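S.K.: Have a look at this fold, sequence not included:
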């Protein structure tokens, strides 16, 4: 009886193996056919100049030093890795400024996040162009140290817009280099702005907050972000050198806001690979 049970168990195990083994092999084959999609991460420090004019606070323009920290994440998507990729951008900036006479000071802070999905095309060997849509969130504010009444104004906006990027991968001697340019242009959205002379106590203390959220488009709000960078690849990491220009402008409720920033970018970038067989195809957003 014991021998019969052993034979029956062996038969059942054989049947089970014969049924599920092809499925496991097929799943492994399909998994091995999928390309690796490394995550490209970039950490940056930026230093430059900012000029700001906000007539809610003062009709005088201020200039000063701007410092920023940034993080960027790019990765090819799973459904069409050769054609589409996503990009996340997070940055925080702080600026301290004075007016031309040196009699007044202003501080500013901005926190920006954006998510974009781009379609890319290969034009030449190593040359890619990409374009797509982008959603962005901006929070920040300006603070004028001279004002006793209405010394600060908040900045908040949600946008949908367009973005484009061109990248070229080449070699200088044996050093791999990636040259890249990208531009972002919000098209429509909403943003916060008080009435001229309306205090924040009126809005949030008394509750007179009607008409402080506005539809934004090119007739009353124009933002542009330009970014050019060079990555010098050394091993699995790269040194990034670049220049970023950010323009933030609004005209609403007889209030003009113009904030223009020019910064030099220094960062470290690299691709993060998950453990996988070495024969897997790699789809990089770098090249």
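M.R.: Received, thanks. Here the structure is a predicted model, which means the values were calculated and not measured.

S.K.: which residues of the stretch 151-287 of the chain fall in helices?
M.R.: 200-201 (DSSP state H, counting those that start in this stretch).

S.K.: List the contacts of stretch 94-108.
M.R.: With C-beta atoms under 8 Å, 6 or more residues apart in numbering as the test, stretch 94-108 has contacts from 50-52, 57-58, 60-68, 93, 109, 140-146, 259, 261. Using the backbone N, CA and C atoms, a C-beta is placed for each residue, glycine as well.

S.K.: please redo it, this time with the cut-off set to 7 Å
M.R.: The contact list for stretch 94-108, computed with C-beta atoms under 7 Å, 6 or more residues apart in numbering, reads 50, 52, 60, 62-67, 109, 140, 142-146.

S.K.: Separate out the buried members of these.
M.R.: Taking 16 or more other C-beta atoms under 10 Å as the criterion, what is buried in the contacts of stretch 94-108 is 50, 52, 60, 62, 64, 66, 140, 142, 144.

S.K.: which secondary structure elements does the helix or strand that contains the fifth one contact?
M.R.: Following DSSP states H and E, the helix or strand that holds residue 64 is strand 58-76. Using 3 or more C-beta pairs under 7 Å, 6 or more residues apart in numbering; DSSP states H and E, the elements in contact with strand 58-76 are strand 39-54, strand 84-99, strand 255-272.

S.K.: quick one: the first one to chain centroid distance?
M.R.: Here strand 39-54 shows a centroid-to-chain-centroid distance of 12 Å under the convention C-alpha atoms, centre = their mean, to the nearest Å.

S.K.: Could you list the low-confidence segments of this structure?
M.R.: 1-33, 273-282, 286-287 (pLDDT under 70).

S.K.: now the helices and strands packed on strand 58-76 as CSV including distance to residue 195?
M.R.: Listed next are these as CSV, based on distance: least, C-beta to C-beta, whole Å:
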stretch, distance to residue 195
strand 39-54, 14
strand 84-99, 25
strand 255-272, 8
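
S.K.: hang on, isn't residue 267 packed against residue 42?
M.R.: Yes. Residue 267 is in contact with residue 42 according to C-beta atoms under 7 Å; the separation is 5.5 Å.

S.K.: mind listing what's buried in stretch 92-106?
M.R.: Neighbour count says stretch 92-106 has 92-93, 95, 97, 99, 104, 106 buried, by 16+ other C-beta under 10 Å.

S.K.: Kindly report the same for stretch 115-122.
M.R.: Buried positions in stretch 115-122, judged by neighbour count with 16+ other C-beta under 10 Å: 116, 118, 120.

S.K.: would you turn those residues into CSV with distance to residue 79 and secondary structure?
M.R.: Below are the buried residues of stretch 115-122 laid out as CSV (distance: C-beta to C-beta, whole Å; DSSP: H, G, I helix; E, B strand; the rest coil):
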residue, distance to residue 79, secondary structure
116, 17, strand
118, 14, strand
120, 14, strand
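
S.K.: Just the closest of these to residue 81, please.
M.R.: Taking C-beta to C-beta as the measure, residue 120 is the one of those closest to residue 81, at 10.4 Å.

S.K.: on that earlier part again, could you export the buried residues of stretch 115-122 as CSV, including distance to residue 185?
M.R.: What follows is those, written out as CSV (distance: C-beta to C-beta, whole Å):
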residue, distance to residue 185
116, 12
118, 14
120, 18
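
S.K.: so where do the strands sit in this structure?
M.R.: Applying DSSP state E to the chain gives strands spanning 39-54, 58-76, 84-99, 105-124, 127-144, 152-172, 175-192, 213-216, 221-234, 237-252, 255-272.

S.K.: Strand partners (parallel or antiparallel) of the shortest one?
M.R.: This means strand 213-216. Using DSSP bridges, strand 213-216 pairs in its sheet with strand 175-192 (antiparallel).

S.K.: Now do the partner strand and strand 58-76, the angle between them.
M.R.: Put simply, strand 175-192 runs at 130 degrees to strand 58-76, going by axes from the mean of the first three to the mean of the last three C-alpha atoms, to 10 degrees.
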